[in-house]
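Asker: predicted model and sequence below, questions to follow.
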Amino acid sequence: KDGLSSDAFLFTFTSLTNVLNLTCISDKSSKKSPKEIVLSLYTKLTDLIKSHTKDGKVDRKELRNSRGYFDFLIETSELQRISISGEKEDFFFNLRSLILLHAQVHCGLPRGCHSRFYLFNRAQYVVGMNHFSYSDITHGILRANSPAPESILGKHFTDKKDPRLEFSLKKGDERILFAISGITIDSFHICEDYETTLNEATKTFISKFVKIEDDEVFVPVMLAWVNSSDRLGFLRSLMNPEDQERMKQSRVVLQNVDWST
């Protein structure tokens, strides 16, 4: 209808596709930069969520039935044909956040391992004619094509001809594993500087989940996800000098994480 070309195809809201930005099929490239598109979409979605939040709870049904959400879905099609060659870490971080937030609106908050797996792996966007999930960006791009924690494979993108490898960082930063929306970073956080975001997330991660008591250091099980031969050494390097020394003398205790925190 308004603003849509005659060549656009609209899918119904009951479609079983895992790709969240295919309500409308784009027939041309956007004139806006990839970064502008992602930031605009992210802002619109967060504004929609805030406007449909009552007493701390999001009315997903009302939100998804709103004209604003329909317009948002149409606008996500701008991502389908853009060129993302040369885009930096902050772009992919914000794209990752957008996909996760959209998936939560579409599917609801995860209540267990199965729903978390769906949100992270099955919910996708088509960006630059490639499919990307939250996990694709986290492990395939930002962690330099390292395997996901639950994977038994040596790499995330296993096909050497996978076109998404073009965007994979040459060297990943494992601190991305500590940047967890709603837990170590604000749910509506926009990354303007990748290094700053990782620093803030890591600081929060350590303060919330790493505890040194007497001769024991309690660390979250997520530390086992880090791609390093010396995971404790990696964590120790991120802590202040006093705690670094205390960790050397302490017994390590792994603990599960309460994802609802």
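Answerer: Sure thing, it's come through. In this text, all values refer to a predicted model and were calculated from it rather than measured experimentally. Residues are numbered from 1 along each chain as shown.
Asker: which residues sit in contact with the nearest residue to Ile82 once chain neighbours are set aside?
Answerer: Leaving out its chain neighbours, the residue that sits closest to Ile82 by C-beta to C-beta, 6 or more residues apart in numbering is Pro34, at 5.0 Å. (Glycine included, C-beta is placed from N, CA and C.) Neighbour list for Pro34: Leu79, Ile82, Ser83, Ile84, Glu87, Phe91, Val127, Gly128 [criterion: C-beta atoms under 8 Å, 6 or more residues apart in numbering].
Asker: quick one: the strands in the stretch 151-261 of the chain, in order.
Answerer: Ranges of strands within the stretch 151-261 of the chain are 211-213, 216-220, 251-255, based on DSSP state E, counting those that start in this stretch.
Asker: so which of these is nearest Ala148?
Answerer: Ala148 lies closest to strand 216-220 among those, at 16.8 Å (C-beta to C-beta).
Asker: tell me the strands beside that closest one, with direction?
Answerer: strand 211-213 (antiparallel), strand 251-255 (parallel) (DSSP bridges).
Asker: rewinding a little: against Phe167, how distant is the residue nearest to Ile82?
Answerer: Pro34 sits 11 Å away from Phe167, going by C-beta to C-beta, to the nearest Å.
Asker: overlap of the contact sets of the two?
Answerer: Residues touching both Pro34 and Phe167 (C-beta under 8 Å, 6+ apart): Ile84, Glu87.
Asker: so, low pLDDT: which residues of the stretch 51-200 of the chain?
Answerer: Within the stretch 51-200 of the chain, no range satisfies pLDDT under 70.
Asker: separation between the nearest residue to Ser187 once chain neighbours are set aside and Leu100?
Answerer: Excluding its sequence neighbours, the residue lying closest to Ser187 (C-beta to C-beta, 6+ apart) is Ser181, at 5.5 Å. Ser181 is 6 Å from Leu100, where distance means C-beta to C-beta.
Asker: and the helices in the stretch 51-200 of the chain?
Answerer: 60-64, 67-76, 89-107, 113-117, 134-135, 194-209 (DSSP state H, counting those that start in this stretch).
Asker: which one, of these, ends up nearest to Arg231?
Answerer: When those are compared by C-beta to C-beta, helix 194-209 sits nearest Arg231, at 13.8 Å.
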